[in-house]
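Peer 1: coords below, sequence missing:
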């Protein structure tokens, strides 16, 4: 069966068609009675048209004034259309009211955030800000709306960062405009094609706590150094040949005092790295560095391991020779300590895709995968008993990570229990220095002020 049109099933259309049909039949009968049927039908159609136009005008007036309770009292087509439009209008108003309420709740939530939030345009014009952002940056909600943010702030570091090339990187530890004792961190997040979200956080308390922690570690480590030195010195003076019963106890005390002294030295190293603002950049010859590391590995191994060194790059590093030696030495000595006798340790220096890598691989015990994310934390140990037996302090990899971060390098760790581990320090291109040829060295020495002594 053919589907019936909804218009034909509509009661309003049935009423309208019935009215028109009755009007035409009545006009035709009156026309036949008077002898002018065509004129009667024409007059009837004209009247119906005028009546329809009148109802259309009433509908138009109702559309302009939605306050009227009922637009058309009749049950015709226009009345049904008006009712449908009124229902749709009420539904839209309810939906709009819900959206406004939801938007208001979001605004209230954003206003109550402890971190500052600002909405910026592509040209860094201020669109919206919450209460915390106005307090931290010293801006006004309505007076400064639509103005470029760099004109509102009195912080050159923030304005240069907003228009710089590294805007996707967060800006850490900058003074708040007009309040230098308040330290801020900023992060710019794109969330649409034409708008950015600027998140401002007050990190003054965190920095103060971090400084307290650094001072505490440095002071305690410094104060422990002297008594440990005294204790270790007296233990070395104790002779156990005449009293073999105390020999194991004295030896254990010597070993633990040596280990404690090493922990203090590592803590002091970390404290110096924390306190030092920048890296003392100088050329670090990697060939001599590798030879030195090979000697240290042989000294720790005492001939119990197979140690190989591969230097596949003539590049040197730009950085602190002391810090880099400390990091590389920690990686090498750890590989020797945690590799059973007869194992193999390989030290490699090579270049790949514009970066250089310092790699230390071993065939030792390996590290389970669940420990890898935390292996560089201070005092974190995979096996506490094994670390103590090997003389480890739990701070070596922390020193390695800290030194590499100061040199914009990255530490990659690959390990499998029972197979071995591979530690790779990846240095960026800006830390590479090509080895000088004889002609370049002679030309540099011949320049005024560069003559060799």
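Peer 2: Now that the structure is in, tell me what you want to look at. From a predicted model like this one, the values you see are computed outputs, not experimental measurements.
Peer 1: make it CA atoms for all contacts and neighbour counts henceforth
Peer 2: Will do.
Peer 1: tell me the SS of residue 292?
Peer 2: helix (DSSP: H, G, I helix; E, B strand; the rest coil).
Peer 1: Quick check: the gap between it and residue 433.
Peer 2: Computed as Cα to Cα, to the nearest Å, the residue 292 to residue 433 distance reads 20 Å.
Peer 1: Please apply the same query to residue 134.
Peer 2: In terms of Cα to Cα, residue 134 sits 47 Å off from residue 433.
Peer 1: Start and end of stretch 359-371, how far apart?
Peer 2: With Cα to Cα as the measure, the ends of stretch 359-371 fall 20 Å from one another.
Peer 1: Go through it and flag the buried ones.
Peer 2: 359, 360, 361, 362, 363, 364, 365, 366, 367 (16 or more other Cα atoms under 10 Å).
Peer 1: Where does pLDDT dip in the protein?
Peer 2: Filtered on pLDDT under 70, the chain yields the residue ranges 1-10, 12, 66-76, 274-278, 383-393, 435-453.
Peer 1: which residue packs closest to residue 308, ignoring adjacent ones?
Peer 2: Distance criterion Cα to Cα, 6 or more residues apart in numbering; nearest residue to residue 308, sequence neighbours excluded, is residue 346 at 4.9 Å.
Peer 1: So what's the residue count around residue 98?
Peer 2: Residue 98 is flanked by 12 other residues according to other Cα atoms under 10 Å.
Peer 1: Ok, residue 109 next?
Peer 2: 11.
Peer 1: and it, what element?
Peer 2: Using DSSP states H and E, residue 109 sits in helix 77-111.
Peer 1: so what secondary structure elements neighbour that helix?
Peer 2: Applying 3 or more Cα pairs under 8 Å, 6 or more residues apart in numbering; DSSP states H and E, one finds that helix 77-111 contacts helix 11-34, helix 37-64.
Peer 1: got JSON lines for these, with distance to residue 197 and mean neighbour count too?
Peer 2: Output for these, formatted as JSON lines (distance: least, Cα to Cα, whole Å; neighbours: other Cα atoms under 10 Å):
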{"stretch": "helix 11-34", "distance to residue 197": "54", "mean neighbour count": "15"}
{"stretch": "helix 37-64", "distance to residue 197": "41", "mean neighbour count": "14"}
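Peer 1: Could I get these in CSV, plus columns for distance to residue 377?
Peer 2: Formatted as CSV, the helices and strands packed on helix 77-111 follow (distance: least, Cα to Cα, whole Å):
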stretch, distance to residue 377
helix 11-34, 79
helix 37-64, 71
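Peer 1: Can you tell me which of the ones you listed is nearest to residue 231?
Peer 2: Closest of those to residue 231 is helix 37-64, at 96.8 Å (criterion: Cα to Cα).
Peer 1: which ones are touching residue 201?
Peer 2: Taking Cα atoms under 8 Å, 6 or more residues apart in numbering, we find residue 201 in contact with 114, 115, 116, 184, 185, 186.
Peer 1: for residue 147, that is, sorry about that
Peer 2: When the contact criterion is Cα under 8 Å, 6+ apart, the partners of residue 147 are 125, 126.
Peer 1: now the helices for the chain?
Peer 2: With helices called from DSSP state H, the chain shows them at 6-9, 11-34, 37-64, 77-111, 131-137, 149-152, 156-162, 204-237, 247-275, 286-301, 321-337, 384-389, 396-406, 438-446.
Peer 1: got these as TSV, with distance to residue 121 columns?
Peer 2: Converted to TSV, the helices of the chain look like this (distance: least, Cα to Cα, whole Å):
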stretch	distance to residue 121
helix 6-9	49
helix 11-34	52
helix 37-64	37
helix 77-111	18
helix 131-137	16
helix 149-152	10
helix 156-162	12
helix 204-237	28
helix 247-275	38
helix 286-301	49
helix 321-337	44
helix 384-389	54
helix 396-406	34
helix 438-446	51
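Peer 1: To residue 311, which of those helices lies closest?
Peer 2: Using Cα to Cα, the nearest of these to residue 311 is helix 286-301, at 7.1 Å.
Peer 1: now that closest one: how far from the chain's centre is it?
Peer 2: Centre-to-centre, helix 286-301 and its host chain are 38 Å apart (Cα atoms, centre = their mean, to the nearest Å).
Peer 1: in it, what counts as buried?
Peer 2: By neighbour count on 16+ other Cα under 10 Å, the buried set for helix 286-301 is 286, 287, 289, 290, 293, 294, 296, 297, 298, 301.
Peer 1: angle of it against helix 321-337?
Peer 2: With axes from the mean of the first three to the mean of the last three Cα atoms, to 10 degrees defining the directions, helix 286-301 sits at 40 degrees from helix 321-337.
Peer 1: Which elements pack onto helix 286-301?
Peer 2: If contacts are counted by 3+ Cα pairs under 8 Å, 6+ apart, helix 286-301 sits against strand 306-311, strand 315-319, helix 321-337.
Peer 1: Nearest to residue 31 among the ones you listed would be which one?
Peer 2: Closest to residue 31 of these, according to Cα to Cα: strand 315-319, at 111.0 Å.
Peer 1: For residue 131, see how far away the spatially closest residue to residue 133 that is not a sequence neighbour is.
Peer 2: Excluding its sequence neighbours, the residue lying closest to residue 133 (Cα to Cα, 6+ apart) is residue 116, at 3.7 Å. Distance of residue 116 to residue 131, computed by Cα to Cα: 7 Å.
Peer 1: Same check on residue 211?
Peer 2: Between residue 211 and residue 131 the distance is 29 Å, computed by Cα to Cα.
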